[in-house]
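Student: Have a look at this fold, sequence not included:
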């Protein structure tokens with residue numbers, strides 16, 4: 001699984017891991033172990049390897065660099081043959097790349113920093129349902145950024161008072177208001193009540209301002225059937241946009257993205273839950289990778305962070321997130337944390 005002479009193919013899926021080996025474990029050995037566990041290997045040698053072309057299907061760790069300003073961390077570059085992955089499935093991709101490998105004994109800590117997805121693989125995914133140009137056309141708003149906000153308090157309002165906040169915010173100059181990540185269908189306000197009052201607020205604000213307005217309706221629910229029902233009701237009320245939370249899972253996200261495209265709706269993703277694995281600098285996963293996966297999955301936009309406010313973020317890192325989400329071609333930019341050239 002260690003092959004420093006390996007020549008990377010255009011069709012390879014590439015991953016960059018930040019590896020902290022256990023004391024006494026060679027970084028090359030740890031990198032090879034990560035490549036093996038995330039592809040064909042297990043904890044021991046098995047004779048059944050001889051039943052297939054294992055040399056083809058083995059991931060190859062082909063480069064290991066020390067992380068600057070550390071004494072026990074290394075960047076490991078790993079290449080995966082494209083045939084290791086099911087077409088158009090984030091769930092299958094993640095089952096390999098971030099499956100069992102993060103609990104591997106050879107490493108003290110492991111973080112997925114970046115990936116390069118080949119065009120041949122990207123073409124098997126839907127991608128964003130509409131995109132920013134279509135959104136601007138629907139909002140009839142050009143030449144300036146959209147201005148939006150989240151309803152607060154996010155929990156506890158009745159449906160009628162929630163709709164009042166939507167109306168006041170939009171009438172005051174906002175283009176959008178939105179549900180927050182944890183407003184779904186609680187006893188104090190069921191989802192249908194919220195939808196009805198929110199859209200009433202939108203329509204009244206449109207009439208008062210003469211501008212196109214909108215409200216992100218959170219359709220996150222316990223089952224896909226319930227999410228479909230909420231999305232269909234939002235569409236029937238005339239909403240142009242719905243939203244889901246990252247915590248619904250990769251399969252549900254892809255499924256709702258397909259629904260949004262078929263139904264000509266904009267789909268927003270709230271990144272709820274990402275910091276449980278993206279905030280630690282030595283273990284977990286960089287949010288940059290989530291940005292790439294969600295672009296593949298087909299959401300139109302996602303919370304990507306800010307350099308002000310209550311959440312952590314530095315300017316270069318956040319700019320890297322924005323570029324990852326917006327640009328059609330990414331060049332290597334190490335200050336922004338972009339380790340691979342990426343053609344979308």
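Tutor: Yep, it's here. Everything numeric here is computed off the predicted structure, so don't read it as measured data.

Student: domains of the chain?
Tutor: Here the domain assignment for the chain is 13-122, 132-303, based on automatic domain parsing.

Student: Would you format these as TSV with mean neighbour count and distance to residue 325 included?
Tutor: (Each C-beta comes from the backbone N, C-alpha and C, glycine too.) Formatted as TSV, the domains of the chain follow (neighbours: other Cβ atoms under 10 Å; distance: least, Cβ to Cβ, whole Å):
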stretch	mean neighbour count	distance to residue 325
domain 13-122	17	14
domain 132-303	18	5
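
Student: Least reliable of these by average pLDDT, please.
Tutor: Lowest mean pLDDT within the domains of the chain: domain 13-122, at a mean of 87.

Student: Quick one: end-to-end distance for that domain.
Tutor: Using Cα to Cα, to the nearest Å, one end of domain 13-122 lies 10 Å from the other.

Student: Going along the chain, name the strands of the stretch 1-150 of the chain.
Tutor: Secondary structure of the stretch 1-150 of the chain (DSSP state E, counting those that start in this stretch): strands at 13-21, 60-66, 74-80, 107-116, 148-150.

Student: now swap in the stretch 151-300 of the chain and tell me
Tutor: 176-178, 214-218, 241-245, 266-270, 284-285.

Student: Now do the second one against strand 266-270: the angle between them, please.
Tutor: Orientation note: strand 214-218 sits at an angle of 60 degrees relative to strand 266-270 (axes from the mean of the first three to the mean of the last three Cα atoms, to 10 degrees).

Student: in its sheet, what does strand 214-218 sit against?
Tutor: strand 176-178 (parallel), strand 241-245 (parallel) (DSSP bridges).

Student: Residue 211: which of the ones you listed is closest?
Tutor: Closest approach to residue 211 among the strands paired with strand 214-218 is made by strand 176-178 (11.4 Å; Cβ to Cβ).

Student: chain center to the closest one, what's the gap?
Tutor: For strand 176-178, the separation from the chain centroid amounts to 21 Å (computed by Cα atoms, centre = their mean, to the nearest Å).

Student: roughly how far apart are the closest residue to residue 329 other than its chain neighbours and residue 24?
Tutor: Leaving aside its sequence neighbours, residue 329 sits nearest to residue 343 (Cβ to Cβ, 6 or more residues apart in numbering; 5.5 Å). The gap separating residue 343 from residue 24 is 41 Å, by Cβ to Cβ, to the nearest Å.

Student: Could you do residue 314 as well?
Tutor: Using Cβ to Cβ, residue 314 is found at 34 Å from residue 24.

Student: ditto for residue 265
Tutor: For residue 265, the distance to residue 24 equals 54 Å [Cβ to Cβ].

Student: Show me the longest helix that occurs in the protein.
Tutor: Looking across the chain with DSSP state H, the single longest helix is helix 191-209.

Student: Remind me what that helix packs against, helices and strands.
Tutor: Secondary-structure packing of helix 191-209 (3 or more Cβ pairs under 8 Å, 6 or more residues apart in numbering; DSSP states H and E): helix 159-171, strand 214-218, helix 224-236.

Student: Let's have these in CSV, adding distance to residue 273.
Tutor: Shown next, in CSV, are the helices and strands packed on helix 191-209 (distance: least, Cβ to Cβ, whole Å):
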stretch, distance to residue 273
helix 159-171, 24
strand 214-218, 14
helix 224-236, 17
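
Student: Which among these is found nearest to residue 200?
Tutor: Nearest of the helices and strands packed on helix 191-209 (Cβ to Cβ): helix 159-171, 5.5 Å.

Student: residues in contact with the closest one?
Tutor: 149, 151-152, 157, 176-177, 189-190, 193-194, 196-198, 200-202, 204-206, 208-209, 213, 215 (Cβ atoms under 8 Å, 6 or more residues apart in numbering).

Student: One more pass at 6 Å, please.
Tutor: Under the criterion Cβ atoms under 6 Å, 6 or more residues apart in numbering, residues 149, 151, 177, 189, 193-194, 197-198, 200-201, 204-205, 208, 213, 215 lie in contact with helix 159-171.

Student: quick one, that helix and strand 214-218 angle?
Tutor: Going by the same axes, to 10 degrees, helix 159-171 makes 140 degrees with strand 214-218.

Student: Hmm, residue 17 is touching residue 76, no?
Tutor: Yes - taking contacts as Cβ atoms under 6 Å, residue 17 lies within contact range of residue 76: 4.7 Å.

Student: shared neighbours of these two, anything?
Tutor: Joint contacts of residue 17 and residue 76 (Cβ under 6 Å, 6+ apart) do not exist.

Student: Give me the phi and psi for the residue nearest to residue 329.
Tutor: Here is the backbone geometry of residue 343 (degrees, to the nearest 10): phi -100, psi 120.

Student: same deal with residue 342?
Tutor: Per-residue torsions, residue 342: phi -130, psi 120 (degrees, to the nearest 10).

Student: In space, what's closest to it - neighbours in sequence excluded?
Tutor: residue 330 (4.0 Å).

Student: wait, the one you found sits on residue 344?
Tutor: No - with contacts counted by Cβ under 6 Å, residue 330 stays clear of residue 344, the gap being 7.7 Å.

Student: Out of the strands paired with strand 214-218, flag the one nearest residue 131.
Tutor: For residue 131, the closest of the strands paired with strand 214-218 is strand 241-245, at 12.8 Å, according to Cβ to Cβ.

Student: who's in contact with residue 188?
Tutor: With Cβ under 6 Å, 6+ apart, residue 188 has these contacts: residue 156.
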